[in-house]
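**Student:** Everything below, folded, please.
(chains A and B)
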Amino acid sequence: MSKRIDVSDLNVYYGSFLAVADVSLTMEPRSVTAFIGPSGCGKSTFLRTLNRMHEVIPGARVEGKVVMDGVDLYGSDVDPVEVRGQVGMVFQRPNPFPTMSIAENVLAGIRLNNRRLSKSDAAGIVEESLRGANLWNEVKDRLDRPGSSLSGGQQQRLCIARAIAVKPQVVLMDEPCSALDPISTLAIEDLIEELKADYTIVIVTHNMQQAARVSDRTAFFNIEGTGKPGRLVEVGDTSTIFSSPSQKATEDYISGRFG
Amino acid sequence: MTTTTRPPVADDALRLSHRRTLPRWAPWVALAASLVVATGLLALGGTPGIVSVALLGALVYTVGFTAVSWVIEGRRHATNRFATTLVTAAFVAAMVPLVSLVLTVLKHGLAWMSVEFLTTDMVGVFGAMESGGVYHAIIGTLLITFWAAVISVPIGILTAVYLVEYGRGALARGITFLVDVMTGIPSIVAGLFAFALFTLIFGPAYRAGIMGAVALALLMTPVVVRSVEEMLRLVPNELREAALALGVPTWLMIVKVVLRTAVAGIVTGVMLAVARVIGETAPLLLTVGYVAQVNTDVFDGRMTTLPVYVYREYSQGGVGIERAWAAALVLIVLVMLLNLVARLVSRIFAPKVAP
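**Tutor:** Purely as a prediction, here's the structure:
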């Protein structure tokens, strides 16, 4: 489990518009990398290039290399569907499938791919994944209830369980707590802490305290102005970034002087 | 520059707490009074009819009650009452023909309805004979509509999937335009098209239920495309992304997430399309015609359908008119039953929501 991702000289486009320019970055295995930066600076766009979800949007494309475990994810012989099986994703708003029960949601990644599962295997995966997402004790008595019957925070943990049920190497999280209350946020942050023992985790967050609390490394993205591409300003150990950043912009941002 | 004097705040508060309003029952009393007044006025010139009393009563009510409200409650409330009256009147006006139609068909249709009527065909029925029934027409309508649905539903759903999930640029715009054009095709033209098509392929003597099914499918397809398209667009994009991010290929995502989530709406849309064509007469008259006995083979020979049966019997006059009303009732009940089934299906498949 858990692999390193090396990004080099990545340019991300929407049609002819250059959204993110010239990013080179390494995400270490078994650690949490946080992306911070003002709105619209391309953090989420960049995150979505790591599992090739970016190209789902019509006209979107990428130049450069994203190498995981020696394989360029954008190589011509790489199937984006395979990539997404290796690099899971949790979205900003919890999005369980409304037609499925809690257990079916956890198994969605397997069942939707038409893979057959014995009943005992399915039950095993459901329990393991829900335990992994710290949700098992809350839902074990109502696994056949609809996923949408859970609270927002529980739904988000259900989505995390769904993501780890397909056994990815990397889990991407796009502002996973921005739609949640502080207590649910705490539950997710604790969960991230546990998940990093097994996965490479990349998290986009607007909450700098959250980045400081959960991440090992922090990358600061910034944008010079509207119409200009977002750029990676600085990356380093979280403690360094938050105590003595080398760039003026980073210091201004984390001290709240702008953004 | 103008100076305006504002009333003191205390005065406003006073008006808030002492606002005069009409009691709840006021509209009903006013309506009853208006009808009485209308009846009285019309009685001066002879015996008043129901329609004239209702129309004059509505007019008296609208003017009178709005005026009363203006005097007692003030201008804003009077405007509200006036608008409420107009909206309600529009609703009633829309309901009148509908209720009247159902009542008329029930009244005439039930008179001739019997088990025998539902279970016999028209073989050996001549002139003023009172036997004979609608069985062959029920079979014909069900079979032809079924085949029309078999042809048009897959085409319609796949077209909608293309337009929503894949279609970009000129091709998608062209298809959307053609679907819109197809929606406006007169049904007789669809009938002529099917007739010409089968004549070209199988020769001029060929008659079969499938000809009618093709004509109906032509009318159904654009309705299916349009309604399914709307339903697919309602599926949140987040669900598509959630499925793709789990490593699910696009086609499985569409089949198992998008179509599955929208299935209730799709069933409703298909039912609307079926209801649209099940009562079509012209293209069926042209293609499959009329026959007295039951024909269950849609690929050989004429078939009778309910609308054509109604048309035929009505044009024969005499006892045929009674049969026509009863057959019309059967057709309405049939559409209602299909709608009930569709409701049931969509309830079963609808996304589960928290109670």
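**Student:** how much space between B:Thr47 and chain A?
**Tutor:** Distance, B:Thr47 to chain A, using Cβ to the nearest Cβ, to the nearest Å: 61 Å. Using the backbone N, CA and C atoms, a C-beta is placed for each residue, glycine as well.
**Student:** What distance do you get for that residue to B:Val53?
**Tutor:** As defined by Cβ to Cβ, to the nearest Å, B:Thr47 lies at a distance of 11 Å from B:Val53.
**Student:** Which of the two has more residues huddled nearby?
**Tutor:** Set side by side, B:Thr47 and B:Val53 show unequal neighbour counts under other Cβ atoms under 10 Å in any protein chain shown, the larger going to B:Val53 at 20 against 6.
**Student:** can you tell me the helix or strand for that one?
**Tutor:** Following DSSP states H and E, one finds B:Val53 within helix B:50-73.
**Student:** list the helices and strands that helix packs on?
**Tutor:** If contacts are counted by 3 or more Cβ pairs under 8 Å, 6 or more residues apart in numbering or on different chains; DSSP states H and E, helix B:50-73 sits against helix B:26-43, helix B:75-112.
**Student:** Can you tell me, leaving aside adjacent residues, what's nearest to the residue in the stretch 101-250 of chain B that chain A sits nearest to?
**Tutor:** Of the residues in the stretch 101-250 of chain B, the one nearest chain A is B:Gly247, at a distance of 3.0 Å by Cβ to the nearest Cβ. Nearest residue to B:Gly247 in three dimensions, chain neighbours excluded: A:Gly85, at 3.0 Å (Cβ to Cβ, 6 or more residues apart in numbering or on different chains).
**Student:** Mind listing what's buried along whichever strand or helix holds the one you found?
**Tutor:** Here A:Gly85 sits within helix A:80-86, counting by DSSP H and E. Within helix A:80-86, the residues scored as buried using 16 or more other Cβ atoms under 10 Å in any protein chain shown are A:80-81, A:83-86.
**Student:** can you give me the helices in chain A?
**Tutor:** The residue ranges that make up the helices of chain A, judged by DSSP state H, are A:43-49, A:80-86, A:102-106, A:108-111, A:119-132, A:136-139, A:152-165, A:182-195, A:208-214, A:238-243, A:248-254.
**Student:** Which one, of those helices, ends up nearest to B:Lys256?
**Tutor:** Closest to B:Lys256 of the helices of chain A, according to Cβ to Cβ: helix A:108-111, at 7.9 Å.
**Student:** what does the average pLDDT come to for the closest one?
**Tutor:** Helix A:108-111 comes out with an average pLDDT of 91.
**Student:** Distance from the chain centre to that helix, please.
**Tutor:** When C-alpha coordinates are averaged (Cα atoms, centre = their mean, to the nearest Å), helix A:108-111 and its chain have centres 19 Å apart.
**Student:** same thing with stretch B:320-333?
**Tutor:** The gap between where stretch B:320-333 is centred and where its chain is centred comes out at 19 Å by Cα atoms, centre = their mean.
**Student:** which other residues reach that stretch?
**Tutor:** Contacts with stretch B:320-333, where a contact means Cβ atoms under 8 Å, 6 or more residues apart in numbering or on different chains, come from B:102, B:105-106, B:108-113, B:117-118, B:132-134, B:137-138, B:141, B:278-279, B:306-307, B:309-314.
**Student:** Kindly report the same for stretch A:205-218.
**Tutor:** For stretch A:205-218, contacts defined as Cβ under 8 Å, 6+ apart pick out A:27-28, A:31-36, A:39, A:175, A:177-178, A:185, A:189, A:192-193, A:196, A:203, A:235-238, A:241-242, A:254.
**Student:** Break down the stretch 201-350 of chain B into its helices, ranges please.
**Tutor:** If you assign secondary structure with DSSP state H, counting those that start in this stretch, the helices in the stretch 201-350 of chain B sit at B:209-234, B:237-245, B:250-253, B:259-278, B:282-287, B:306-316, B:319-349.
**Student:** can you tell if the fourth one touches chain A?
**Tutor:** In other words, helix B:259-278. Yes. Helix B:259-278 lies within reach of chain A by Cβ under 8 Å from any Cβ of the partner chain, at B:260-261.
**Student:** Convert the C-alpha atoms of that helix to CSV, please.
**Tutor:** Extracted in CSV, the C-alpha atoms of helix B:259-278 (Å, rounded to 0.1, in the frame of the first residue of the first chain):
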residue,chain,number,x,y,z
LEU,B,259,-29.6,5.6,-15.3
ARG,B,260,-30.2,3.8,-12.0
THR,B,261,-30.6,7.1,-10.2
ALA,B,262,-32.9,8.6,-12.8
VAL,B,263,-35.0,5.4,-13.4
ALA,B,264,-38.1,6.7,-11.7
GLY,B,265,-38.2,9.8,-13.9
ILE,B,266,-37.4,7.7,-17.0
VAL,B,267,-40.3,5.4,-16.3
THR,B,268,-42.6,8.4,-15.9
GLY,B,269,-41.3,9.9,-19.1
VAL,B,270,-41.8,6.7,-21.1
MET,B,271,-45.4,6.5,-19.7
LEU,B,272,-46.1,10.0,-20.8
ALA,B,273,-44.9,9.1,-24.2
VAL,B,274,-47.1,6.0,-24.2
ALA,B,275,-50.1,8.0,-23.1
ARG,B,276,-49.3,10.4,-26.0
VAL,B,277,-49.5,7.7,-28.7
ILE,B,278,-52.0,5.2,-27.3
